[in-house]
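Visitor: okay, here's the prediction I keep looking at, along with the sequence it came from:
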Amino acid sequence: AAPGERPRRLVLAAPAHPCWQPTLGQRFLLRPLPARCGAWLGARAPAGWQRRLLARCYADATRISELALADYARTLGQPRLGRAVAGYGRGFAGHQSALRAALRHNATPTLLLWGDRDPVVPTSTAAALAAALPQSRLVVLPGCGHLPFAEAPDAFAAAVLPFLH
């Protein structure tokens, strides 16, 4: 969509949303010092450690492609990543509150995609988000974690493409 225009369709893959609350560990990692330290350490970690970190988002770590691992390493190496994560953490409660208020006003057809084994934003929270979005449809992909587009790209595309056309 052009600036100022609303999209005609929206696809959200396991999004952070107002019907979900981060775990204590996730809230800790969003704080300024842990976020900055985590980003600094992640960028300097050996590839094997980065693979293990990324594997925590997958239901089946054998599906991590070299391209996904390279993208993850590139993301960890971004300057000011820790500052950005900390900023996200600082604004989290306010953003969640604003999103909660806006959900019922969303008139955009929305496809929600989740892996049934998502350890980051649990699948158990997906139905509440779907119920809060009047024009949404929920698709749960079996055997996938938090990154269904990377873990099962064919199944992800099979769900998304008909929705977009």
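Guide: Cool, the structure landed. Computed from a predicted structure; not experimentally measured.
Visitor: for the protein, what are the low-confidence residue spans?
Guide: Scanning the chain for pLDDT under 70 picks out the ranges 1.
Visitor: strands of that one, start to end?
Guide: In the chain, the strands defined using DSSP state E lie at 10-13, 110-115, 136-141.
Visitor: ok, and which of those has the densest surroundings?
Guide: With neighbours taken as mean count of other CB atoms under 10 Å, those reach their highest mean count in strand 110-115, at a mean of 24. All C-beta atoms are positioned from the backbone trio N, CA, C, and that covers glycine.
Visitor: what's in contact with that one?
Guide: Contacts to strand 110-115, defined as CB atoms under 8 Å, 6 or more residues apart in numbering, come from residues 9-15, 59, 121, 123, 126, 129-130, 133, 135-141, 143-149, 151-152, 156, 159-160, 163.
Visitor: swap in stretch 152-165?
Guide: 9, 11, 13, 63, 109, 111, 113, 115, 137, 139, 141, 143-144, 148-149.
Visitor: swap in 10 Å and give it another go.
Guide: Outside stretch 152-165, the residues that touch it by CB atoms under 10 Å, 6 or more residues apart in numbering are 8-11, 13, 58-60, 63, 65, 68, 109-111, 113, 115, 137, 139-145, 147-150.
Visitor: just stretch 87-106 next, same as before
Guide: With CB under 10 Å, 6+ apart as the test, stretch 87-106 has contacts from 6, 10, 15-22, 26-32, 34-35, 80, 110, 129, 131-136.
Visitor: roughly how far is it from the heart of the chain?
Guide: On the basis of CA atoms, centre = their mean, to the nearest Å, stretch 87-106 is displaced by 15 Å from the centre of the chain it belongs to.
Visitor: same deal with stretch 59-76?
Guide: With CA atoms, centre = their mean, you get 15 Å for stretch 59-76.
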